[in-house]
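> return a 3D structure for these sequence lines:
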Amino acid sequence: NTLYRLRHLLGCPAVLRLSGATLSLDMSQCWVDALVLDRLLAATFDSLQPSDVQNVLHLYQGHFLQGDSTRPWAVACRERLRSRLHRLLIAAGERFEDAGCQLDAAELYQRGLEVDPLAEDLYQRLMRSRHRLGQHAEMQRVYRRCRDLLAAELGVAPSPATQAAAQQAAC
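This next block holds a predicted model:
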């Protein structure tokens, strides 16, 4: 009875498949952004293209079920997606840096910080890119933002690596 009602509410009975005692979505009938994002994040590590990174950033609209910390499966999925996105941004940023595209790398690290504002390694990389671009005032602003946010959110100071990156770039 519940399955009948759910199918009726969805307006597309074929979207739900019942096999034995397992109910699942028919992925040929529906589109789930988190599943598409997960597949795209897994696939792009091998064949990283700028368009893939842009697609991922477009799909990632915030942490998965961010307000729901009571379900362990949601927390695990959220952390997996966040971690994969973080690794993708680092890999893509390094490729941009290696190609001498510091502005593209800086924009990517900045976008990563919009998604995960406590990712200290992204601050380090953003400071390095700003320094290489000759944007010393902006680099110092990035450091201050990192320092202030870590203090306000976590009650900690930036790591020695972040402090060293700020001092090295200031020289």
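
> neighbours around the closest residue to Leu118 other than its chain neighbours, how many?
With CB to CB, 6 or more residues apart in numbering as the measure, Glu153 is the residue that lies nearest to Leu118, at 6.2 Å, once sequence neighbours are left out. C-beta coordinates here come from the backbone N, C-alpha and C atoms, glycine included. When neighbours are defined as other CB atoms under 10 Å, Glu153 has 10 of them.

> same deal with Leu126?
Burial of Leu126 is recorded as 27 neighbouring residues (other CB under 10 Å).

> could you do Ser24 as well?
The burial count assigned to Ser24 is 10, neighbours taken as other CB under 10 Å.

> and for His131?
Under the neighbour criterion other CB under 10 Å, His131 is assigned a count of 22.

> that one touches Gln140, doesn't it?
No: the pair His131 and Gln140 fails to qualify as a contact (CB atoms under 8 Å) at a distance of 9.7 Å.

> spatially central residue in this protein, please.
With distances taken as CA atoms, centre = their mean, the chain has Leu85 as the residue nearest its mean C-alpha position (3.7 Å).

> from Arg144, how far off is that one?
With distances taken as CB to CB, to the nearest Å, Leu85 is found 25 Å from Arg144.
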